[in-house]
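Engineer: curious how this folds, go ahead:
(chains A and B)
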Amino acid sequence: MGALAALFRREARLALRVGGGAMMGAMFFLIVVSLMPFAVGPDLNLLQRVGPAILWVAALLATLLGLDRLFQADYEDGSLDLLVMAETPLVLAVAVKALAHWMTTGLPLVIVAPLLGLMLNIAPGALLAVSLTLLIGTPALTFVGTIGAALTVALRRGGLLVPVLVLPLAVPVLIFGVGATSAAVTGPMAMATPLMVLAGISLASLVLAPVAAAAALRLALD
Amino acid sequence: MIAFANPTRFMALTDRLMPWLWSAAGLVLAIGLVMAFRAPADYQQGHTVLIMYIHVPAAWLAMMCYTVIAVSGIGTLVWRHPLADVSAKVAAPVGAAFTFLALITGSLWGKPMWGTWWVWDARLTSVLVLFLMYLGLIALWRAFDDPVRAARPAAILALVGFVNIPIIKFSVDWWNTLHQPASVFRLDGPTIDASMLWPLLIMAGGYTLLFVALHTAAMRNEILRRRVRAMRIKAAAVLAPAQ
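Structural biologist: A predicted model of the protein is given here:
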């Protein structure tokens, strides 16, 4: 337990200090969202309708940022070998790394989402729903992304490959995330079902993704 | 399956099998096509319904091919079967081709029927995602310079993706019931008349035989390619001995 806590602290510290990686995701999120009114036009009614979708796609792209470095930096400096050889099960170490990555890239998105939602003219009632779906859904994006990061860890051009591998797998998360957000505008009852499916996907990815990612890491170090 | 773990035995067996496979595929496809042309034209769609006999089996094969890749992935990860990774590698482009064929023929069918080349309908979207997953698999295979090292990461990706296939299909259906109540395109097996069902099933059989022939031929090519690679590495080692 102590080892995992130390790993978590190390990951969080690295993300917060080196190059401000944690804030980078939120900044990218802000930039993508503010580009949208330029692309689709400043029509507030239109923005209100597509707002939840914009927030979700932007969050999806922002989650991909830095994923390729999740294991690659450790692979290059040799600390990944130590993680694999350590007594702590690799699956748990991977889960902790992914969790720390989510805390520093996913959580900031959840926090700034209501502000950006306000700029996109999303109804006040739905603002909370957007944040809630992002809070439940972004861990799934990070954990699925962890598999992509682990598969490409030993590749020189791995960074380009990660989105290609990860984005098709992220489709269900996006569907239910946007579905729940859109349903929130209709009424609280309609929102419950997609939200629960979203939570189910998140929990399943929380359990399954570290197993697949750990297996991929072991192969990379063979 | 263990008996064929020896690639030499596999090559010898398939060498004799290949002509039969090609002929069987050609024959069944020919019968299926003749039957399809003799099948009655649809009362609403006219003769454009003929596209169905090309389109629907291609879509089935697109799904089946991913299943073959996933099963091969299990073979690679669990038994380290040397032919499983060959099978998984060469099935990906074949599956991508069937998926592409399903998308293209669907589009050609959609234009006269729905008046549009593309709809973001549940089934279309899920097949497009399947196509993207094939492309991702091929990209991962190509990213490694040693084909043997690529096998197991690709197997993991294939298995992870396989978990996702039913989720994608289910969820997108579900999503559309929220947003657009009526599905545009339905083809329930039992509701189709026997005069059209039989040609369709025979075409599906022909497609499956064609897939088996293509897959086996591609596996033979891959085995030969790996032998050439091994011989080149050996030759290079002889030419430039380590200091």
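Engineer: need the pLDDT of residue B:182.
Structural biologist: Here, the pLDDT recorded for residue B:182 equals 33.
Engineer: for the lengthiest helix in chain A, buried residues please.
Structural biologist: Longest helix of chain A, by residue count under DSSP state H: helix A:188-220. Within helix A:188-220, the residues that count as buried by 16 or more other CB atoms under 10 Å in any protein chain shown are A:190-191, A:194-195, A:197-199, A:201-202, A:205-206, A:209-217, A:219-220. C-beta here means a position set from N, CA and C on the backbone, and glycine is covered the same way.
Engineer: what does stretch B:96-108 give?
Structural biologist: B:96, B:97, B:98, B:99, B:101, B:102, B:103, B:105, B:106.
Engineer: please state the offset of that stretch from the chain centre?
Structural biologist: 11 Å (CA atoms, centre = their mean, to the nearest Å).
Engineer: thinking again about what came up before, ok, and which of the buried residues of helix A:188-220 reach chain B?
Structural biologist: Of the residues in those, proximity to chain B by CB under 8 Å from any CB of the partner chain holds for A:190, A:194, A:197, A:201, A:212, A:215, A:216, A:219, A:220.
Engineer: hang on, the fourth one packs against residue A:174?
Structural biologist: If I follow you right, that is residue A:201. No - applying CB atoms under 8 Å, one finds residue A:201 not in contact with residue A:174, separated by 10.4 Å.
Engineer: need the pLDDT of the residue in chain A sticking out farthest from the centre.
Structural biologist: In chain A, the residue that sits farthest from the middle, by CA atoms, centre = their mean, is residue A:43; the gap is 29.1 Å. For residue A:43, the pLDDT comes out at 83.
Engineer: now the spatially most central residue of chain B, nearest residue through space, not along the chain?
Structural biologist: For chain B, the residue nearest the mean C-alpha position is residue B:95 (2.6 Å; CA atoms, centre = their mean). Nearest non-adjacent residue to residue B:95, counting by CB to CB, 6 or more residues apart in numbering or on different chains: residue B:65, 3.1 Å away.
Engineer: kindly report the same for residue B:128.
Structural biologist: residue B:103 (6.7 Å).
Engineer: any idea how far the one you found is from residue B:52?
Structural biologist: 15 Å (CB to CB, to the nearest Å).
Engineer: equivalent analysis for residue B:121, please.
Structural biologist: 16 Å.
Engineer: so residue B:40, which state does it fall into?
Structural biologist: What DSSP: H, G, I helix; E, B strand; the rest coil gives for residue B:40 is coil.
Engineer: tally of neighbours for it?
Structural biologist: 9 (other CB atoms under 10 Å in any protein chain shown).
Engineer: cool, and residue B:230?
Structural biologist: So residue B:230, with other CB under 10 Å, has 10 neighbours.
Engineer: who are the contact partners of it?
Structural biologist: Listed by CB atoms under 8 Å, 6 or more residues apart in numbering or on different chains, residue B:230 has no contact partners.
Engineer: helix or strand for it, which one?
Structural biologist: Element membership for residue B:230, per DSSP states H and E: helix B:194-239.
Engineer: quick one: distance of that helix to the chain centre.
Structural biologist: 11 Å.
Engineer: do stretch B:60-72 as well
Structural biologist: 6 Å.
Engineer: list the buried residues of that stretch.
Structural biologist: Burial within stretch B:60-72, assessed by neighbour count using 16+ other CB under 10 Å, is assigned to B:60, B:61, B:62, B:63, B:64, B:65, B:66, B:68, B:69, B:70, B:71, B:72.
Engineer: same list (those residues) but as a markdown table, adding pLDDT and secondary structure.
Structural biologist: Shown next, in a markdown table, are those (pLDDT from 0 to 100; DSSP: H, G, I helix; E, B strand; the rest coil):
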| residue | pLDDT | secondary structure |
| --- | --- | --- |
| B:60 | 83 | helix |
| B:61 | 88 | helix |
| B:62 | 88 | helix |
| B:63 | 86 | helix |
| B:64 | 87 | helix |
| B:65 | 91 | helix |
| B:66 | 91 | helix |
| B:68 | 92 | helix |
| B:69 | 93 | helix |
| B:70 | 92 | helix |
| B:71 | 92 | helix |
| B:72 | 92 | helix |
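Engineer: what's the average pLDDT for stretch A:103-119?
Structural biologist: 87.
Engineer: can you give me the strands in the chain?
Structural biologist: In the absence of a named chain, this looks at chain A. Counting by DSSP state E, chain A forms no strands at all.
Engineer: sorry, back to before: for the longest helix of chain A, packing partners?
Structural biologist: Helices and strands touching helix A:188-220, by 3 or more CB pairs under 8 Å, 6 or more residues apart in numbering or on different chains; DSSP states H and E, are helix A:79-85, helix A:90-101, helix A:124-151, helix A:171-186, helix B:147-179.
Engineer: how far away from the center of its chain is that helix?
Structural biologist: Distance, centroid of helix A:188-220 to centroid of chain: 11 Å (CA atoms, centre = their mean).
Engineer: specify the angle between that helix and helix A:171-186 in degrees.
Structural biologist: Here helix A:188-220 points in a direction 160 degrees away from that of helix A:171-186 (axes from the mean of the first three to the mean of the last three CA atoms, to 10 degrees).
Engineer: quick one, phi/psi of residue A:65?
Structural biologist: phi -60, psi 130 (degrees, to the nearest 10).
Engineer: tell me how many other residues crowd it.
Structural biologist: The burial count for residue A:65: 16, using other CB under 10 Å.
Engineer: quick one: it and residue B:53, what's the gap?
Structural biologist: With CB to CB as the criterion, residue A:65 and residue B:53 are 47 Å apart.
Engineer: on that earlier part again, right, and the residue nearest to the centre of chain B touches residue B:69 too?
Structural biologist: Yes - under the criterion of CB under 8 Å, residue B:95 makes contact with residue B:69 at 6.7 Å.
Engineer: quick check: mean pLDDT across stretch A:132-144?
Structural biologist: On average, stretch A:132-144 scores 92.
Engineer: next: stretch B:162-171.
Structural biologist: Stretch B:162-171 comes out at a mean pLDDT of 66.
Engineer: stretch A:47-61 too?
Structural biologist: 86.
Engineer: what does it contact?
Structural biologist: Here stretch A:47-61 has contacts from A:28-29, A:32-33, A:36-37, A:40, A:106, A:109, A:113, A:116-117, A:120-123, A:126, A:130, A:133-134, A:137-138, A:141, A:167, A:170, A:173-174, A:177-178, A:181-182, using CB under 8 Å, 6+ apart.
Engineer: of those, grab the buried ones for PyMOL.
Structural biologist: Command for PyMOL, covering only those of these found buried under the criterion 16+ other CB under 10 Å:
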select buried, chain A and resi 28+29+32+33+36+37+106+109+113+116+117+120+121+122+126+130+133+134+137+138+141+167+170+173+174+177+178+181+182
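Engineer: also near chain B: which of the contacts of stretch A:47-61, exactly?
Structural biologist: Answer for the contacts of stretch A:47-61 near chain B (CB under 8 Å from any CB): A:167, A:182.
Engineer: could I get the ones next to chain B among the buried residues of helix A:188-220 as JSON lines with pLDDT and distance to residue B:221?
Structural biologist: Shown next, in JSON lines, are these (pLDDT from 0 to 100; distance: CB to CB, whole Å):
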{"residue": "A:190", "pLDDT": "72", "distance to residue B:221": "53"}
{"residue": "A:194", "pLDDT": "84", "distance to residue B:221": "46"}
{"residue": "A:197", "pLDDT": "88", "distance to residue B:221": "43"}
{"residue": "A:201", "pLDDT": "90", "distance to residue B:221": "39"}
{"residue": "A:212", "pLDDT": "91", "distance to residue B:221": "30"}
{"residue": "A:215", "pLDDT": "90", "distance to residue B:221": "29"}
{"residue": "A:216", "pLDDT": "90", "distance to residue B:221": "28"}
{"residue": "A:219", "pLDDT": "85", "distance to residue B:221": "25"}
{"residue": "A:220", "pLDDT": "82", "distance to residue B:221": "28"}
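Engineer: no further queries at this time; thank you.
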